[in-house]
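[1] Sequence first, then the predicted structure, then my questions.
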Amino acid sequence: MVQVNALAEESAKFQENNRALQENTEKLEATNNQLSSSVSDLEAQAAKFKEIYVKLSKENEKLAEVRDGMQEQLNGFQKLQEMIFSQLNEKMRAMDRSLLEKIAADIEMMDQEQGLSPEEFEKFLKRVPTHLKEKFQKIATDSKEFSKFDKNQDHVIDSDEFGAMLDQVMKECA
């Protein structure tokens, strides 16, 4: 009987263990089902993200093309701007030269003789516009500089000598 009781106890323990194992198995199956469901959800989300990533990559490529096109246009605009400013500077230098020639012609005719005398040269220097004075002063500050431009030393700056002087001034403007 002792053996029967021991076997009965042993059988009860096995049944209890089986029941506990059965509960654990059921819990693990439920957890496994939840994890499988989560994995499926995550796979679906990963597929959506991959789809979005592909779309964004294509959009990024399009934006890169737009950026490159805009950079090309900007470079073209910069070249155009440089050309326009270069032309404007050229026109301004031509206008400045014309203005200086007009001032010289007005002063030159004061004594009814061609060329600029030292006195006329001094008057000319006083009438040079402010924006050109600095450039003019680099080559001629007063009538003492007169002989520098009177190449033939006849005490008159003739049109050729005056043209050479303006060439120097315009070179300073460039």
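    Yep, it's here.
[2] Now tell me which helix or strand of this protein has the poorest mean pLDDT.
    Lowest by mean pLDDT, DSSP states H and E among the helices and strands of the chain is helix 146-149, with a mean of 76.
[3] next one: that one to chain centre, how far?
    48 Å (Cα atoms, centre = their mean, to the nearest Å).
[4] Kindly report the same for stretch 41-51.
    With Cα atoms, centre = their mean as the basis, the mean position of stretch 41-51 lies at 41 Å from the chain mean.
[5] Which helix or strand lies directly C-terminal to the least confident helix or strand of the chain?
    Where DSSP states H and E defines the elements, the next helix or strand beyond helix 146-149 is helix 159-173.
[6] show me what contacts the residue nearest the centre of the chain?
    Note on the chain: the residue nearest the mean C-alpha position is Leu74, at 8.7 Å, using Cα atoms, centre = their mean. Not one residue lies near Leu74 by Cβ atoms under 8 Å, 6 or more residues apart in numbering. From N, CA and C alone the C-beta is placed, and that goes for glycine too.
[7] what's the angle between the helix or strand it falls within and helix 159-173?
    Leu74 is part of helix 2-108, with elements assigned from DSSP H and E. Here helix 2-108 runs at 160 degrees with respect to helix 159-173, directions being taken by axes from the mean of the first three to the mean of the last three Cα atoms, to 10 degrees.
[8] Give me the packing partners of the helix or strand following helix 2-108, helices and strands only.
    As assigned by DSSP H and E, the chain's next helix or strand after helix 2-108 is helix 118-127. Helices and strands touching helix 118-127, by 3 or more Cβ pairs under 8 Å, 6 or more residues apart in numbering; DSSP states H and E, are helix 2-108.
[9] what's the nearest residue to Thr131 if we skip its chain neighbours?
    Check again: residue 131 is His, not Thr. Among residues not flanking His131 along the chain, Asp96 sits closest, at 7.9 Å (Cβ to Cβ, 6 or more residues apart in numbering).
[10] I'd like to know how far that neighbour sits from Gln73.
    As judged by Cβ to Cβ, to the nearest Å, Asp96 and Gln73 stand 34 Å apart.
[11] More neighbours: which of those two?
    The neighbour comparison of Asp96 against Gln73 (other Cβ atoms under 10 Å) goes to Asp96, with 19 against 10.
[12] so where's this protein uncertain?
    For the chain, the stretches flagged by pLDDT under 70 are 140-145, 173-174.
[13] Apply 90 and report the result again.
    1-14, 21, 35-37, 105-126, 128-162, 164-174 (pLDDT under 90).
[14] Surely the residue nearest to His131 is in contact with Phe136?
    No: applying Cβ atoms under 8 Å as the test, Asp96 and Phe136 come out as separate, 10.3 Å apart.
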